[in-house]
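*Asks:* sequence and predicted structure below; questions after.
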Amino acid sequence: MPTANTSDLNCLLQPRSIALVGAKDRSVWSVSAFENLKRGGFDGDIYLINPKGGIIHGMEAHTSCVAVGARIDVALLMVPESVLLDTFDDLHSAGVKAAVILSAGFAEAGEEGQKKQQAMAEKARAVGIRLLGPNCLGFANFLQKTTVWTTPLRRAQPSPAVALVSQSGALASQLEQFAYQQRVALTHMISTGNEADISVAEVIEYLSAQDEPKAIALFLESVRDPAAFIRAAEAAKAAGKTIVVLKVGSSEAAAKAAQAHTGSLVGDDAVFNALCKKLGIVRVHSLEQLIVTTDLIAQFGRIKPGAKGLALLAMSGGLCEIAVDQAEELGLCIPELSASTKQALADALPSFATPNNPLDLTGGAMVDPGLISTAIEIIAKDPAVGAVGFVFDIPAKDDKRGFARSFIKEVSSGFQRISVPGLMLSHTFNAVSSEARSMADEYKLIYSGGGLNHTLTALHKILDDRETSAISNTIAAAHHARPNSERAVLDFLAENGAKVIPAHIVNSADEAAAAATTLAAPVVLKILSENIQHKTEVGGVLLNIAGAQAAADAYEQIIASVSTKAPNAKIEGVIVSPMRCKGLEIFVGTMKDPQWGQAITVGLGGIWVEALKDTSLRLLPVTEKDAKEMLSELRGGVLLDGFRGAPVVDRNELAKTIVAIGNAALALGPDLVSLEVNPILASEHGIEALDGLAIWE
């Protein structure tokens, strides 16, 4: 793929002359493209190209681009795949620098199609033509009234702030229609198709350098160039433009990663989630959420770090109850109000109103709309509140009596007098009319017709206080050795700062007895062999052995059992360690994703990690803050805090151990598939790694 160069895209996305190659009156693509340009107000030159010439779309057509005899910035190619390559000679001769390729039948059609796409890309590169597509519907630069798009579009809307990028042209078209319905104004809409040349990453970099887009809505099927995607996401973050992504599928993780517990536990899609967290990308899971969330972020911005909760006001007690339930399910903070805030509300509101969050203003606000602005002012001053939402539907048409307008005016008045952001949202998912949008603009309101659930989902993303960090491009120097046995892995972890259980490696019954005496406690004996991963299956583990003679006997028993059940295994000795009976087991494992690199997973240890699959994942490297955040995401994380009288786990020490394991995995180099520590035991003896496993390419 070419190196991203956003200046190259100016010739494509800001043309002053456009040729429709393969124009026909009976082609829906040609008719739509021509009408979009005319209806959208494109004031540059439009040339229609057809080998037969004649009158097309009411204009005289040229037989070739060269025959135009004038500058052509962009060509929309609507010709069959079979003649597409020949078209490039004409484009080159005419000085065309960019082309949009509608034609299908390339990489999406299989191996033969991939070869054709490669040949087309090479031909275009050789003659200096940038390509959008193939198998794409085009692009629309609504800012400059340039709509090279091959299905019908609605007219541009005022005050655009959202850019839409999609690998699927058909879905982009549907999203544009939905955005119009919700009166979400778009700056750009770009379909990248098969990305023979221009990629999603390059488009994101281009949009990041433009002033008008405040947020980018992205529909993603696959990431063809991970490094370029990361660069583009970091460019967007640096420019203050949040990417909101709806991604289908998952990265195709290597089968080797799945042979370790980590890969099979978390699934490949979890790695992409981790990438989004690392890069500050907001991930959503429906078309509606994609538009609603991107729109609100573009209007509202993202509030972090140290974001606070949401205060919600409505004129329905039932709505307030629904909001609490949905917010709890989403993890959105609806904070308890302070005693002073509650008292101020009680003093201002009718006696039958209960000062809570969410706040039901009751029918009193119907009689006295001024209560709305008063309540907004009071509740916004609460120290736990970071944003204020008011639930009210702007009517499709301005009501003649002005009731709705009087409420909206008070909401606006309240919002303009507070120091935290405020927005108004509809009860249910409603289309937003042009009159409703005009009324919102008139009163300078942020308004969403996305309904309670979708808007609360978006607010959860907006109020997220997670600090993101750049993905490190530094690759740790590979360790010279490959620790393969349990003890070698634990020793390497200890060298990298992790706390591990004490151990003696013995090679005789007498040595086992001496080790047990030294440890002065019940011990556990485990076979040491890089050829044996599951020790219990070959009789290689004996627990709770007390005394020197018992340890000697246990040694003999293990050696005899392993020699019988795994006769070909190379035995390096037997590990003698103190027996740990009480404590909480934690699992930490790393895996290598072929697209995004090493990731680390944390969960409850022992059998629980497999039974519950309650895990949290991040891309490496991680910080102690990242590690503590991962622990807080576990559903079973309550067990760390002394559940039902159990000892409290030191989260700070556990976080240090997680970081040390992650750093150790990076230090072992690119041939490491997985490094697993299961369990780490949190007990009265502190945080200790009890067992370790490394899997290599």
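*Replies:* Received, thanks.

*Asks:* C-alpha only now, for contacts and for neighbours.
*Replies:* OK.

*Asks:* all the helices of the stretch 101-250 of the chain, residue numbers only.
*Replies:* 111-126, 169-181, 200-208, 226-238 (DSSP state H, counting those that start in this stretch).

*Asks:* what helix or strand is the closest residue to G370 other than its chain neighbours located in?
*Replies:* Leaving aside its sequence neighbours, G370 sits nearest to E410 (CA to CA, 6 or more residues apart in numbering; 6.2 Å). Following DSSP states H and E, the helix or strand that holds E410 is helix 403-416.

*Asks:* identify the residues contacting that helix?
*Replies:* For helix 403-416, contacts defined as CA atoms under 8 Å, 6 or more residues apart in numbering pick out 369-370, 372-377, 390, 394-395, 398-399, 421-424, 443-445.

*Asks:* write the ChimeraX selection for whichever of the residues you listed are buried.
*Replies:* Selection of buried members from the contacts of helix 403-416 for ChimeraX, criterion 16 or more other CA atoms under 10 Å:
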select :369,370,372,373,374,375,376,377,390,394,395,421,422,423,424,443,445
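
*Asks:* the residue sitting furthest away from the middle of the chain: which element?
*Replies:* In terms of distance from the mean C-alpha position of the chain, Q549 ranks first, at 57.5 Å (CA atoms, centre = their mean). Using DSSP H and E, Q549 sits in helix 548-565.

*Asks:* next, the buried residues of that helix.
*Replies:* Under the neighbour-count criterion of 16+ other CA under 10 Å, helix 548-565 has 548-552, 554-555, 557-559, 562-563 buried.

*Asks:* and it, what does it pack onto?
*Replies:* helix 509-519, strand 523-528, strand 541-545 (3 or more CA pairs under 8 Å, 6 or more residues apart in numbering; DSSP states H and E).

*Asks:* in JSON lines, list those along with mean neighbour count and mean pLDDT.
*Replies:* Compiled in JSON lines, the helices and strands packed on helix 548-565 are given as follows (neighbours: other CA atoms under 10 Å; pLDDT from 0 to 100):
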{"stretch": "helix 509-519", "mean neighbour count": "20", "mean pLDDT": "96"}
{"stretch": "strand 523-528", "mean neighbour count": "25", "mean pLDDT": "96"}
{"stretch": "strand 541-545", "mean neighbour count": "19", "mean pLDDT": "96"}
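
*Asks:* return the residues in contact with R618.
*Replies:* R618 touches 271, 274-275, 277-278, 599-601, 626, 630, counting by CA under 8 Å, 6+ apart.

*Asks:* out of those residues, which one sits closest to R26?
*Replies:* Of all those, L275 has the smallest distance to R26: 46.1 Å, by CA to CA.

*Asks:* mind checking the SS state of the closest one?
*Replies:* What DSSP: H, G, I helix; E, B strand; the rest coil gives for L275 is helix.

*Asks:* and for it, the neighbour number?
*Replies:* For L275, the neighbour count with other CA atoms under 10 Å is 20.

*Asks:* right, and it touches P621 too?
*Replies:* No. Counting by CA atoms under 8 Å, L275 does not reach P621; the two are 11.7 Å apart.

*Asks:* do you know how far A660 is from G669?
*Replies:* 15 Å (CA to CA, to the nearest Å).

*Asks:* between those two, which one's more packed in?
*Replies:* A direct count of neighbours by other CA under 10 Å for A660 and G669 places A660 higher, at 23 against 17.
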